[in-house]
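Undergrad: structure for this input, please:
(2 chains)
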Amino acid sequence: MKKTLLTITAFLVIGISLNAQEFLEKSEVHGSFETDGMFYQADNALGITDSLINGKNFGFNAFADIIYTLGDFTAGFRYEAYAPPIAGFDPQLEGQGFPYLWATYATEKYSFTVGNFYEQFGNGMVLRTYQEWTLGYDNSLNGVRIIAKPVKGVILKGVYGTQRFFWNKWEKNARGIVKGVDAELNFNDVFASMADSKLKLTLGGSAVSKYQVDNNPSYKMPQNVAAFAGRFNVGLGKFNFTSEYAYKINDPSAVNNYIFKDGQGLVFTGSYSTAGLGLFAMFKRYDNMSYKSDQSVTGNALHINYLPALTEDHIYMLASMYPYATQPNGEIGFQIQVNYKIPKDTWIGGKYGAGLSVNFSQINDIDRQKAHDTAGINQSGTLGYKSDFFKFGKDVFNRDLTVAINKKFSKKVKGVFTLINQEYNQAVVLGHTGEPNVKANIAIVDMTYKFTSNKALRGEFQGLWTKEDKQDWAAILLEYTISPHWFFSVADQYNYGNEIKANRLHYYTGSFGYTYQTTRIAVTYGRQREGVVCVGGVCRQVPASNGFSITLSSNF
Amino acid sequence: MKKILVMASMVLFGVVLFAQESNTGNKLPSVIIKSLDGNSFNTRDISNDGKPIMISFWALWCKPCKLEMDAYNENYAEWVDKTGVKIYAVSIDDARSTAKVLPFVSGKGWTMEMLLDPNGDFKRAMSVNMIPHTFILNGNGEVVYQHTSYYEGLEDEIFEIIQKVAAGENPNE
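TA: Have a look, this model is predicted:
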């Protein structure tokens, strides 16, 4: 960290002393910041008592991110503070400092980075470092990265470093060191004969290795764990196909119960796209693919690779009650989607046309059979299990059918109508052992009425019906907006069908916000339902709470 | 020692910061992202022959973003006709749904230039905190206006800004 700072400072000082005027003209600085504050209050119905809050009725997350550019040279830092972190964020985040410090020198053909960086090889199945502020997630690598583009259509990457683990400084013999290389070749750019071909072809391959000293008292652990991946992207007219296959050598860890099995991952997608119609299908299988730079760490930290949940990403309040999270130890599934623009002047299309989208996905456990006669499935210290590659296991983890139609009725009125049928394995996804799968039906009507060119009222009316978990819910949201500055909204989620009468609670919130260009302030008051917030593939548990929250965000 | 260095850096950043007008003048960074057919695309190649450019960050999981794109797409032909503006829509969907973007866009019938930023590299380089986030660039490729969030009717304000930029005026005056 000291070295990076020294570099940045040195560049600045040299630049200024050389020619202050020219330096100022050529320098560019921009950045962004955000502060999220939350004040909690007691709410006996939610089980939040004064003694539970115990004087800690305040949560505060903030960051400031600055990027400085001078020609081919760029440097930046992010300051973060969690004092203490807002409820639902990992308590290990408490603290403040500069977790992200970097400098890059980049020309047309080469790029060289020292410090912290984010990188993704292919689809991320063997390496992806990224940051997601709303989840408090950051697995950046701290080290060196080189990217070379020797000829058009060829990209070579090399990375070396250690990962961010909250505020814990890396020490020798602690968490592992990550090394990786990636190559990508675009045939249409590289081969002149393919420049105008209808066939668009890109191939790529990666190799990643982590080194961690064996300090496990029970087992002899592999100290170097390698993972490899190969991928392609083929476009042929209206068709597009992508695939990535990954293989990882045995990597016993706290996540997979210390089994010595190798890991595999396969994702295949195909799509057909033409004006007004898009079809999409995918197949995926993950088998023992958790890959972390510390074998003993569980939870949302130190992931080297990225295994997204390949299901529909729901946005509405009740539709996101049961969000699926990837099971890295094994899952197999598929997804199909249709997007269709219903033409104007038809029965459903009406005067303006309408949009139809249908999505179906199902994810099961992989097939698991005994690997040894004498040991049970997934027993520590063994090969774990055997699995038939394309066979679906018996347990359903998630099934989702979503049908949505959006339609404009007139210049003032438009609506979105959604029906969802879900099955959700709370025992596996949430660890609610012994609980049955939730089977839920959800219906949502979302209407917008435009009063004038910049004032509109939007209403959401939602219902969720299930015999399991907390039974039936209803929800309403009203949002009034005055473009480009203001929004006001009230919402209530009501657990009216709960079998336990005392738990038939209302989760009401009121909020408003003001936006000026890129500066936004939003204030919310009310109850937050206990649940899971997911962005991309990572989720965090959010406890129930009651109180005020304030967000201020800006960039320049 | 560390504290002094941090302070020194911040002060110097501050000097540079105040030496330039806020919100304006910054040029696009060079970041390698993807086009919809999977090929790499350098963001420095975003251009429009000296006419205004609009860059809008969106994602499949962001409802207001999709409303915003619908609104822009509805007006796009008219805007191009009057100002020559070119819109680049940058999806920040990650590996969960990058392959779904192309069929979704086709199903919607959107006609803007589409780019994929699956690991948020371009988003980070442009200091985007939340989406939707729209940038408007003048004919010299300099950012002259930015806006975050979308409410019904924002497109009217955006069109006014584009017209000013096309006429060579400063939209912030």
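Undergrad: contact partners for the residue most central in space within chain B?
TA: The residue lying closest to the centre of chain B (Cα atoms, centre = their mean) is B:Ile55, at 2.6 Å. By Cβ atoms under 8 Å, 6 or more residues apart in numbering or on different chains, the residues touching B:Ile55 are B:46, B:87-88, B:90, B:126, B:134-135, B:137. For glycine as for every other residue, the C-beta is placed from the backbone atoms N, C-alpha and C.
Undergrad: which ones among these come in contact with chain A?
TA: When contact is defined as Cβ under 8 Å from any Cβ of the partner chain, the contacts of B:Ile55 do not meet chain A at all.
Undergrad: and the residue of chain B found nearest chain A, how far is that from A:Ser273?
TA: Proximity of chain B to chain A (Cβ to the nearest Cβ) peaks at B:Gly107, 2.4 Å away. Noted for B:Gly107: a distance of 8 Å to A:Ser273, by Cβ to Cβ, to the nearest Å.
Undergrad: flag the shaky bits of chain B, pLDDT-wise.
TA: Flagging of chain B using pLDDT under 70 yields the residue ranges B:1-25.
Undergrad: neighbours around the closest residue to B:Thr43 other than its chain neighbours, how many?
TA: Nearest residue to B:Thr43 in three dimensions, chain neighbours excluded: B:Val31, at 4.7 Å (Cβ to Cβ, 6 or more residues apart in numbering or on different chains). Applying other Cβ atoms under 10 Å in any protein chain shown, we find 18 residues neighbouring B:Val31.
Undergrad: you'd agree B:Val31 is up against B:Ala125?
TA: Yes - between B:Val31 and B:Ala125 there is a contact at 5.0 Å, judged by Cβ atoms under 8 Å.
Undergrad: tell me the contacts of residue 156?
TA: The chain I'm using is chain A. When contacts are taken as Cβ under 8 Å, 6+ apart, A:Leu156 is in contact with A:147-150, A:181-183.
Undergrad: meant chain B, my bad for not saying
TA: With Cβ under 8 Å, 6+ apart, B:Asp156 has these contacts: A:453-454, A:483.
Undergrad: so what's the residue nearest to B:Thr43 up against?
TA: For B:Val31, the contacting residues are B:42-43, B:121-122, B:125, by Cβ under 8 Å, 6+ apart.
Undergrad: so how far is B:Thr148 from it?
TA: B:Val31 sits 20 Å away from B:Thr148, going by Cβ to Cβ.
Undergrad: just to be sure, the residue of chain B closest to chain A is in a helix?
TA: Yes - using DSSP: H, G, I helix; E, B strand; the rest coil, the assignment for B:Gly107 is a helix.
Undergrad: got the residues of the stretch 51-200 of chain A near chain B?
TA: Counting by Cβ under 8 Å from any Cβ, the stretch 51-200 of chain A sits next to chain B at A:65-69, A:74, A:77, A:98, A:106, A:118-120, A:123-125, A:128, A:130-131, A:133, A:147, A:149, A:155, A:184, A:186, A:188-189, A:200.
Undergrad: same thing but 6 Å
TA: A:66, A:120, A:123-124, A:130, A:186, A:200 (Cβ under 6 Å from any Cβ of the partner chain).
Undergrad: show me the beta-bridge partners of A:Tyr516.
TA: Beta-bridge pairing of A:Tyr516 under DSSP bridges involves A:Thr519.
Undergrad: per-residue pLDDT, it?
TA: pLDDT for A:Tyr516: 92.
Undergrad: how many neighbouring residues does it have?
TA: A:Tyr516 has 12 nearby residues by other Cβ under 10 Å.
Undergrad: and A:Asp388, by the same measure?
TA: A:Asp388: 11 neighbours (other Cβ under 10 Å).
Undergrad: fine, thanks again, bye for now.
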